[in-house]
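Asker: structure for the following, please:
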Amino acid sequence: MGDPAVTVRELGGLDEFREVERLYDEIWPPAPGQGHAVAAELLRALAHAGNYVAGAYRDGRLVGATVAFFGAPLGETLHSHVTGVLPASGGVGFALKTHQRDWALARGLRRITWTYDPLIRRNAYFNLVKLGARPEEYLPDFYGEMVDRVNEGDPSDRVLAVWELDDPRVRAAVRREPPPAPPCAAGVALAERDGMPVVGRTDAAVVLVGVPADIEAIRRVDATAARAWRLALREVLGGLLAAGGVVVGFDREVGYLVGRR
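Answerer: Prediction:
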């Protein structure tokens, strides 16, 4: 069951969109002289055109929001552009995504897609295990240079996650059923040694692609190590997906498990 103190609803008023604008600026603070992470005027235009803008409230306070628009193939896909929640807002992200899924299903859509930073282990676990989405494409430096204080200075590599809304795996996830155990890896394609990435072999049937426990902390104290991790994951996970590999599981203590078709 979800948190009964959390209410998720669609937003429609300019004051509500300005509240979302402030929330996103709190989550992703703009660098000095830069604009808002997502402007209220854009949110209004998207909602007015029939797209999806929703907020999550706890005790009357906005603690999370999500924005999505229709994508290709039209009539089948919703693309979730941004979902953000305040720290220490447990359960809010899940509530937002399940509300988004219900909204999409009510409009006859089959899937929701979004991008996420594949180096952030907790986000990967949430997307792939808690929600049951599947990573389908590695997108190097997808957004170009980003100027918020969370992402600045780091290439904006992303993975495209695909959420097939009626997939049995997804239905089980939204019912909060325990996920299946991940398969065992036969080889290690990317590991950590003394805080730095070490590339291994990728020719086993299932390989482990490790990611650091907290890349955001590494970015704050060691930009060289953070960039090394970015480029190593691009080479290994990006290379495996481009060659037809499939993410078959995610170990929250280590990283991705990648097999072959």
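
Asker: find the nearest non-adjacent residue to the residue nearest the centre of the chain, please.
Answerer: A centroid search over the chain (C-alpha atoms, centre = their mean) returns residue 116, at 3.4 Å, as the residue closest to the centre. Closest residue to residue 116 apart from its sequence neighbours, by C-beta to C-beta, 6 or more residues apart in numbering: residue 123 at 5.1 Å. All C-beta spots, glycine's among them, are computed from the backbone N, C-alpha and C.

Asker: the residue nearest to the centre of the chain against residue 128, yeah?
Answerer: No. Applying C-beta atoms under 8 Å, one finds residue 116 not in contact with residue 128, separated by 9.3 Å.

Asker: between these two, which contacts overlap?
Answerer: Taking C-beta atoms under 8 Å, 6 or more residues apart in numbering as the contact criterion, the common neighbours of residue 116 and residue 128 are residue 161.

Asker: I'd like to know which elements the lowest-mean-pLDDT helix or strand in the chain is packed against.
Answerer: For the chain, counting by mean pLDDT, DSSP states H and E, helix 215-221 ranks last in confidence among helices and strands (a mean of 92). Here helix 215-221 is seen to pack against helix 223-233 when contacts are counted using 3 or more C-beta pairs under 8 Å, 6 or more residues apart in numbering; DSSP states H and E.

Asker: so who does the residue nearest to the centre of the chain touch?
Answerer: By C-beta under 8 Å, 6+ apart, residue 116 lies in contact with 123, 124, 127, 158, 159, 161.

Asker: cool, and residue 11?
Answerer: Applying C-beta under 8 Å, 6+ apart as the definition, the contact partners of residue 11 turn out to be 17, 20, 43, 47, 53, 54, 55, 65.
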